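Chemist: Turn this into a model:
(4 chains)
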Amino acid sequence: MAVFLSKEPIDPSALLAGFQIEGAGAIASFTGLARGTGQDNAVISSLVLQSYRGVTLASMQTIAVESIKRFSLLHAHITHRSGRILPNEPIVFVAAAALHRAAALDAVSYMMDLLKTEAVFWKYEETAGEKRWIEPTEADYARAQKWNQ
Amino acid sequence: MAVFLSKEPIDPSALLAGFQIEGAGAIASFTGLARGTGQDNAVISSLVLQSYRGVTLASMQTIAVESIKRFSLLHAHITHRSGRILPNEPIVFVAAAALHRAAALDAVSYMMDLLKTEAVFWKYEETAGEKRWIEPTEADYARAQKWNQ
Amino acid sequence: MAILQVELCGRLADLAGDVVDVEVPNVGINVSDLRTAIAEAYPVLSQIIFDSKIRACVDEILVNDAVVVRAGQLVAFFPPLSGG
Amino acid sequence: MAILQVELCGRLADLAGDVVDVEVPNVGINVSDLRTAIAEAYPVLSQIIFDSKIRACVDEILVNDAVVVRAGQLVAFFPPLSGG
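Modeler: Alright, predicted model coming up:
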């Protein structure tokens, strides 16, 4: 398991290159990126992610541990940025290695759904001098809740 | 869209590095790897993938095109190996870029499910001099069928 | 009485800064009463601090409103989380 | 009569080689009758060639059994596909 909180830009392809484990038949990955335009087509100059002390990393570790148990993963990786993120820069990279594809793909969905709603971050977009806090949508909460059923 | 059939080993991290598109909020990827042990713990010395003329690449292109339409992708990538593949070497790499995570993750699942059952390949494992043809399982067919419902 | 420093996270900090000082009894105060004390000392937080979605974190652990906190402990309030 | 070269893919090739020659009428033969001609000329294929899971491919397009093929066309039989 590898879980990192990074204040510097992250490189998903380098992280994927480092994500190797003998015997895996399936490796799924997901990269979430900052977008330059919002839902109302507003130009977003940056996305700012705030974390809180050790709690943020611990919340990410909990998600990785749970995904390994739940999907019998051989390996799991989460790297999440904090601080100011520019459009097209990665916000988060997750990867899961398993024997078969369904487990690896489901684990990546699970980790992302839980990161959206359970990882200790707060974020706002900056648009033309305005600051707009982003919270999970109803769909995000529904996706996370689905895993408890 | 990028679809390749490769007789040489493929490098998923390099392919992910090259898979960039402005405006994407989500990039999902999947790598399928050859395993060194079979279901009965037999040691597998190699996996051999056979293709057929232009039909194999065309079948991969059909899957990529359909996934772009179905999930409103910004970009899709499939690289599939043919020939003799050693344990731990990648067999296939797929990636999908979309505005949001659900589309990218679903598209990767879709492409893999269809590649398993609709892409024009045949494969066998070599174990201690024996040759064992691998065909999709009932679960594989069910997963592919699910997308038609 | 003692001064408890309470950290405000996310959009809460936009309202009253990253940290607010709250006078609390030396024996401590439970999180529910702490919300009331904050609302009284910082009227700008008087609505939001009672929102059930605003969770308390004490010494880096999310806690419920019955937990008692004292000056010197790490106390923070979290608006809804939003990673990824 | 003419000789049609039929390509065998996947495990079919293990039974009779990568290519089998089949005598067919100059006017052609539909895929269904081609299966019969193959079964007669190559007894080792006489069971499997009629399996509904074995699909025919003509000039690089998957076709049904009513399609007529002639010598000179690219004709192949595919066992169940298995990529990924």
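Chemist: do stretch A:87-100 and chain B meet at all?
Modeler: Yes - using CB under 8 Å from any CB of the partner chain, stretch A:87-100 reaches chain B at A:88, A:99. To be clear about C-beta, it is placed using only N, CA and C from the backbone, and glycine gets the same treatment.
Chemist: Name the surrounding residues that touch the one helix or strand in chain A whose mean pLDDT sits lowest.
Modeler: Across the helices and strands of chain A, the lowest-confidence element by mean pLDDT, DSSP states H and E is strand A:130-134, at a mean of 94. With contacts defined as CB atoms under 8 Å, 6 or more residues apart in numbering or on different chains, strand A:130-134 is touched by A:38, A:47, A:122-126, C:10-11, C:14, C:79, C:82.
Chemist: now the residues you listed in CSV, with pLDDT, neighbour count and secondary structure?
Modeler: Formatted as CSV, the contacts of strand A:130-134 follow (pLDDT from 0 to 100; neighbours: other CB atoms under 10 Å in any protein chain shown; DSSP: H, G, I helix; E, B strand; the rest coil):
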residue, pLDDT, neighbour count, secondary structure
A:G38, 80, 13, coil
A:L47, 97, 22, strand
A:W122, 98, 24, strand
A:K123, 97, 21, strand
A:Y124, 97, 20, strand
A:E125, 96, 18, strand
A:E126, 95, 15, strand
C:G10, 98, 22, coil
C:R11, 97, 17, helix
C:D14, 97, 13, helix
C:P79, 98, 20, coil
C:S82, 97, 23, coil
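Chemist: out of those residues, what pair is the most spread apart?
Modeler: Largest separation among the contacts of strand A:130-134 by CB to CB: A:G38 and C:P79, giving 19.8 Å.
Chemist: Next, the contact list for A:H100, please.
Modeler: A:25-26.
Chemist: Show me which residues of chain A sit near chain D.
Modeler: Proximity of chain A to chain D, by CB under 8 Å from any CB, involves residues A:R101.
Chemist: Could you measure from C:L34 over to chain D?
Modeler: C:L34 sits at a distance of 56 Å from chain D (criterion: CB to the nearest CB, to the nearest Å).
Chemist: That residue is in what secondary structure piece?
Modeler: helix C:31-41 (DSSP states H and E).
Chemist: can you map out the helices along the chain?
Modeler: Just so you know, I chose chain A. For chain A, the helices defined by DSSP state H cover A:12-18, A:53-71, A:101-118, A:138-146.
Chemist: To clarify, I was referring to chain C.
Modeler: Under DSSP H, chain C gives helices at C:11-16, C:31-41.
Chemist: To C:E60, which of the ones you listed lies closest?
Modeler: Of the helices of chain C, nearest to C:E60 by CB to CB is helix C:31-41, at 14.9 Å.
Chemist: so how far is that closest one off the chain centroid?
Modeler: Distance, stretch centre to chain centre, for helix C:31-41: 8 Å (CA atoms, centre = their mean, to the nearest Å).
Chemist: same check, this time on stretch A:21-30
Modeler: For stretch A:21-30, the distance to the chain centre is 17 Å (CA atoms, centre = their mean).
Chemist: A:T37 and B:G23 touch, don't they?
Modeler: Yes - at 7.4 Å, A:T37 counts as touching B:G23 under the criterion of CB atoms under 8 Å.
Chemist: Touching both of those two, which residues are there?
Modeler: In contact with both A:T37 and B:G23: no residue, using CB under 8 Å, 6+ apart.
Chemist: Flag every residue of chain A that's near chain C.
Modeler: Residues of chain A lying near chain C (CB under 8 Å from any CB): A:32, A:49-50, A:52-55, A:58-60, A:80, A:91-92, A:112, A:115-124, A:131, A:133-136.
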